[in-house]
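K.L.:
this is the structure alone, sequence omitted:
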């Protein structure tokens, strides 16, 4: 299944984040041996344990809702944090990155779903964050794009519309705040059930778990 998904994603140059939450080290290693290097985890404790137990060239992505008091545990090694949904969280990532003498790449999580349970910033909130004095003083984080989670529904039109909205938010932020830089280029959207739609709507990075590892 891994090779099939990779072949599909190669058509649009979309990266695969293999979502390995709750899955044992052995299963991750199996996928690593097939060539997969980017893995995503939701829970900090699990991420820390797996990072210590697995090959050092794995690129670990934190994809779940992240509490500020947990940032310090992953700041020495995490490659990308997908779920930045507040200035407070970003400030903590910046602080911990400085302590580790690193620059940590981050995505702004934009709320595109109709469900109240989803986290994320509205476009105006994202603009307020990027316009703030506090943000402009941060030197140890790098905003490289946006992330969004579509509504959990079979309504294809709704999901497609939400993905379109995320792409529009990306385009707007790119033009207003990142026109001069090349690193703002990622749109993390699409999961096992809707990654084809996400791909069609401009995703550069999909987060796939159950299709690769089986149902949880």
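P.N.:
Right, received. Where do you want to start? This structure is a prediction, so every number in the text was calculated from the model and none was measured.
K.L.:
can you give me the helices in this structure?
P.N.:
Assigned by DSSP state H, the helices in the chain fall at 2-10, 25-33, 44-53, 71-74, 87-99, 123-131, 133-136, 156-177, 195-200, 210-213.
K.L.:
run through who's touching stretch 198-213.
P.N.:
Residues outside stretch 198-213 that contact it (CB atoms under 8 Å, 6 or more residues apart in numbering): 1-2, 5, 8-9, 11-21, 23, 27, 31, 40, 63, 82, 145, 150, 160, 163-164, 166-167, 170, 185-192, 195, 216. Using the backbone N, CA and C atoms, a C-beta is placed for each residue, glycine as well.
K.L.:
again, but for stretch 153-167
P.N.:
When contacts are defined by CB under 8 Å, 6+ apart, stretch 153-167 is touched by residues 110, 112-114, 146, 148, 150-151, 187, 189-190, 194, 197-198, 200-203.
K.L.:
chain center to that stretch: distance?
P.N.:
Computed by CA atoms, centre = their mean, to the nearest Å, the separation of stretch 153-167 from the middle of its chain amounts to 18 Å.
K.L.:
and what of stretch 183-201?
P.N.:
In terms of CA atoms, centre = their mean, the centre of stretch 183-201 is found 10 Å from the chain centre.
K.L.:
ends of that stretch, how far apart?
P.N.:
Counting by CA to CA, to the nearest Å, you get 20 Å between the two ends of stretch 183-201.
K.L.:
what sits against the spatially most central residue of the chain?
P.N.:
When CA atoms, centre = their mean is applied to the chain, the residue found nearest the centroid is residue 82 (2.8 Å). By CB under 8 Å, 6+ apart, the contact list for residue 82 reads 40, 61-63, 107, 109, 147, 188, 207.
K.L.:
how confident is the prediction for it, by pLDDT?
P.N.:
You'll see residue 82 listed with a pLDDT of 98.
K.L.:
and it, how close does it get to residue 42?
P.N.:
Going from residue 82 to residue 42 by CB to CB, to the nearest Å gives 10 Å.
K.L.:
again, but for residue 113
P.N.:
From residue 113 to residue 42 the distance is 17 Å (CB to CB).
K.L.:
same question, residue 84
P.N.:
For residue 84 relative to residue 42 (CB to CB), the value is 15 Å.
K.L.:
more neighbours: which of those two?
P.N.:
Legend: neighbour count by other CB atoms under 10 Å for residue 84 and residue 42, higher for residue 84 (24 against 18).
K.L.:
mind listing the residues bridging to the closest residue to that one other than its chain neighbours?
P.N.:
Computed as CB to CB, 6 or more residues apart in numbering, the closest residue to residue 84 that is not its neighbour in sequence is residue 106, at 4.7 Å. Following DSSP bridges, residue 106 is listed with bridge partners residue 81, residue 143.
K.L.:
and residue 106, what does it touch?
P.N.:
Applying CB under 8 Å, 6+ apart, the residues near residue 106 are 80-81, 84, 90, 93, 141-144.
K.L.:
which of these are buried? Put it as a PyMOL command.
P.N.:
To isolate the buried subset of the contacts of residue 106 in PyMOL, counting by 16 or more other CB atoms under 10 Å, use the following:
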select buried, resi 80+81+84+90+93+141+143+144
